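Can you look at this prediction? I've put the sequence above it.
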Amino acid sequence: QLLVVKFDCSGSGTAKVTITLPLSDRAAGIKFSFLKECKAGEIPGFDVTLSSYEPGVRASYAVKNGEATSAYHAPKGAELPLAVTREAQSKTSFYLQMSTFNSLEFEPPIVRSSDAFCLVTSAGDAASGGWVDDISSQLIVNFNCVNSGTALITVVVPLQVQDRVINASFAFRKECRWTSTPGFDVTLGAWIKSEGGTYAVRNGAASRDFTLWDAKAVVRARQYSSMFYLQMSTSAEQLFEWPTAESSDSVVKVTLGGPAAKGGTAKPASEKPIALVVNYECMKTGTAVITVTIPLGPWNEAAFSFQKECQVGEIPGFDVTLGAWVPGDYHSYAVKNGAPTDAYDAALHVAIIRAGTPSYTFYLMNSGESSFALDRPSIEVSNPAVTVNVSGDALTPGPLGQQAKSLVLDFNCAMRAKTDVIVYLRVSSGTVAFGFRKDCKPLTIHNQEADTPHEVLRQAERITSRDGASGRFSSVVLGILIGIFLSALYNKFSSSPTAKGYQRAKIND
């Protein structure tokens, strides 16, 4: 039987290796020893691994102990690295880590391409430099092929070793095939045919403002979703797989929706385009680059990038949602991250609660990692003809967690009126105010100013249901008594002689 011994050298030197084979007929088994020579690079313990790697197996390393492995070595004359990134891959990932117990500081890695047809950029948490230790840091190398060919990609990681900087470098080849698909376009919501500024993708390639390496298009902070349209400008159809969307930074989470989110077919220009919705959930203030990739068949893909600005409130995680709530969809929030949404701005009062809604419930919750306590809220009403009664478990001061607390507002209208309502919420991190407008009309069946007869009927139904079971019981009893009285009166009248004579005379006539 074959016994394979693998070695993982983390430094230079010679080590004695002893192997013991237990045997059933020998208590001590069989032992044998040998010496293993190890040679490490200038940076013992510094490794760069692939996405799928096995400790000690050099085939899954780009750099081991500060030196490039044989597949990722720098070019030696006409001899190029063996490692190849295939044409279908628009990016590849490497992981920087230490196999020893120490840590090293490194500067932002330098990624270069030997040819202009293959444009490269870097991303991931290792792209900006920092410290490398036994927990890996990701370095993403993005490719944008503008022509066909094979380019040599070189990555240099400057490391601070004691009092000097040592470069750990490795290289690989990238196969490029121009992946543009004639006729496949991704347009913006406001689209002008042949106008470059209204295309994110034109003929399968990202337009100038949506390129992967230098995205200039910006989605502003107060925009919570973007809609793109997929269509062919020719008479052909194009199948596409599930698109993906990635954010370069944790400031924003991004999800996809719309009919195109699960793949489909881009139709010819004579038919309706298919919509792809990109939804944003800002976690903190900052700017991130969003990259959308649409696989086209087994080899091609269309990818485009843009910037997303985020501006969150001063209390990250403090949210107030409506009764029907979709996580991350700002249309279902009154407050997000401690700031009112556009519809519930306390100064604008854009949101309206209709006159036929006598009660409304908001839900307070903590969707973040920080903890804070909730104090008793207060209400401000601009029109004295409208009063608001407040109830719900949000009135009880205490810590606010992911389990939502209800804030119930009951509106009492003395007359037809409109009023601005502002809700003040006090938490340990500060005070948040959101507002809306309330349309009011008193709930009475005698209200002659009701909009329609149906409105009068609805008001009567509400009054009847409000009167309760006692009113209904009294009506039933009164009806029974009246019925008994009329029945007795009729019997008495029918049995009298006068009544009978009158009836006979009536018949004779």
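Yep, that arrived.

who does the helix or strand where residue 93 lies touch, helix- and strand-wise?
Following DSSP states H and E, one finds residue 93 within strand 91-98. Counting contacts by 3 or more C-beta pairs under 8 Å, 6 or more residues apart in numbering; DSSP states H and E, strand 91-98 packs against strand 46-49, strand 130-132, strand 137-145. For glycine as for every other residue, the C-beta is placed from the backbone atoms N, C-alpha and C.

How far does the last one sit from its chain's centre?
For strand 137-145, the separation from the chain centroid amounts to 23 Å (computed by C-alpha atoms, centre = their mean, to the nearest Å).

Check the shortest one too.
Using C-alpha atoms, centre = their mean, the mean C-alpha position of strand 130-132 is found 28 Å from that of the whole chain.

Helices of this protein, residue ranges please.
Here the chain has its helices, by DSSP state H, at 453-467, 469-495, 497-508.

rewinding a little: minimum distance to residue 415: which of the helices and strands packed on strand 91-98 has it?
With C-beta to C-beta, the closest approach to residue 415 among the helices and strands packed on strand 91-98 belongs to strand 137-145: 63.6 Å.

just checking, what packs against that closest one?
Against strand 137-145 (3+ C-beta pairs under 8 Å, 6+ apart) you get strand 91-98, strand 118-123, strand 149-161, strand 164-176.

Please repeat the previous calculation with a cut-off of 7 Å.
strand 91-98, strand 118-123 (3 or more C-beta pairs under 7 Å, 6 or more residues apart in numbering; DSSP states H and E).

Same list, those strands, but as TSV with mean neighbour count and mean pLDDT please.
Shown next, in TSV, are the helices and strands packed on strand 137-145 (neighbours: other C-beta atoms under 10 Å; pLDDT from 0 to 100):
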stretch	mean neighbour count	mean pLDDT
strand 91-98	20	92
strand 118-123	20	88
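
want to try JSON lines for these, with distance to residue 224 as columns?
Shown next, in JSON lines, are the helices and strands packed on strand 137-145 (distance: least, C-beta to C-beta, whole Å):
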{"stretch": "strand 91-98", "distance to residue 224": "27"}
{"stretch": "strand 118-123", "distance to residue 224": "24"}
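
residue contacts, residue 436?
344, 349, 351, 352, 353, 421 (C-beta atoms under 7 Å, 6 or more residues apart in numbering).

Check the burial of the closest residue in space to it that isn't next to it in sequence by counting its neighbours.
Computed as C-beta to C-beta, 6 or more residues apart in numbering, the closest residue to residue 436 that is not its neighbour in sequence is residue 351, at 4.1 Å. Residues near residue 351, counting by other C-beta atoms under 10 Å, number 19.

Same question for residue 442.
Neighbour count for residue 442, taken as other C-beta under 10 Å: 16.

bridging residues for the spatially closest residue to it that is not a sequence neighbour?
In space, and not counting its chain neighbours, residue 442 is closest to residue 413: 4.9 Å by C-beta to C-beta, 6+ apart. For residue 413, the beta-bridge partners are residue 386 (DSSP bridges).

Distance check, residue 413 against residue 351.
From residue 413 across to residue 351, the span is 18 Å (C-beta to C-beta, to the nearest Å).

Could you do residue 340 as well?
Residue 340 sits 10 Å away from residue 351 when distances are taken as C-beta to C-beta.

Rebuild the contacts of residue 436 as TSV, extending it with distance to residue 183 and pLDDT.
Listed next are the contacts of residue 436 as TSV, based on distance: C-beta to C-beta, whole Å; pLDDT from 0 to 100:
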residue	distance to residue 183	pLDDT
344	44	94
349	48	86
351	43	94
352	45	94
353	49	95
421	53	97
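
Strands - which of those land there?
352, 353, 421 (DSSP state E).

Quick one: residues contacting the last one.
The one in question is residue 421. So residue 421 contacts 379, 381, 388, 435, 436, 438 (C-beta under 7 Å, 6+ apart).

switch to 10 Å and redo it
Residue 421 makes contact with 346, 349, 351, 353, 360, 379-383, 386, 388, 409, 411, 434-438, according to C-beta atoms under 10 Å, 6 or more residues apart in numbering.

who does it bridge with?
residue 381, residue 436.

for residue 112, same thing?
residue 154.

Let me know the angle separating the strand holding residue 93 from strand 137-145.
Here strand 91-98 runs at an angle of 160 degrees relative to strand 137-145 (axes from the mean of the first three to the mean of the last three C-alpha atoms, to 10 degrees).

Just the angle for strand 91-98 relative to strand 118-123, thanks.
Put simply, strand 91-98 runs at 40 degrees to strand 118-123, going by the same axes, to 10 degrees.

Pull the distance from strand 91-98 to the chain's centre.
Chain-centre distance of strand 91-98: 25 Å, with C-alpha atoms, centre = their mean.

Partner strands of it, with direction?
So strand 91-98, judged by DSSP bridges, has these partners: strand 46-49 (antiparallel), strand 137-145 (antiparallel).

Would you point to the one among those that's packed deepest?
strand 46-49 (a mean of 26; mean count of other C-beta atoms under 10 Å).

and it, average pLDDT?
Averaging pLDDT along strand 46-49 yields 93.

same check, this time on stretch 259-274
Per-residue scores along stretch 259-274 average to 92.

Pull the residues that contact it.
181, 183-187, 191, 193, 228-243, 245, 255-256, 258, 275-279, 294-296, 302.

In strands, which of these appear?
184-187, 228-232, 238-240, 245, 255-256, 275-279, 294-296, 302.

ok so, going back, please produce CSV containing the strands paired with strand 91-98, extended by distance to residue 480.
Output for the strands paired with strand 91-98, formatted as CSV (distance: least, C-beta to C-beta, whole Å):
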stretch, distance to residue 480
strand 46-49, 89
strand 137-145, 82
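
and of these, who's closest to residue 205?
Comparing these by C-beta to C-beta, strand 137-145 comes nearest, at 9.1 Å.

circling back to that earlier point, now the strand holding residue 93 and strand 149-161, what's the angle there?
20 degrees.

distance of residue 235 from residue 275?
Residue 235 is 21 Å from residue 275, by C-beta to C-beta.

Of the two, which one has the most company?
residue 275 (15 against 9).

and residue 337, how many neighbours?
Residue 337 has 23 neighbouring residues, counting by other C-beta under 10 Å.

one step back: give me the buried entries from the contacts of residue 421.
Among the contacts of residue 421, those buried by neighbour count (16 or more other C-beta atoms under 10 Å) are 346, 349, 351, 353, 360, 383, 386, 388, 409, 411, 434-436, 438.

coming back round to it: can I have the buried ones of the contacts of stretch 259-274 as a ChimeraX selection?
Selection command for ChimeraX covering only the buried members of these, criterion 16+ other C-beta under 10 Å:
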select :181,183,184,185,186,187,228,229,230,231,232,233,238,240,243,245,256,258,276,278,279,294,295,296,302
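
Quick one: low-confidence residue ranges for this structure.
Low-confidence regions of the chain, defined by pLDDT under 70, span residues 8-11, 39-41, 88, 178-180, 190-197, 443-478, 486-509.

from the chain's centre, how far out does stretch 255-267 sit?
17 Å.

First-to-last residue distance for that stretch?
For stretch 255-267, the first-to-last residue distance is 24 Å (C-alpha to C-alpha, to the nearest Å).

In it, which of the residues would be classed as buried?
256, 258, 260, 261, 264, 266, 267.
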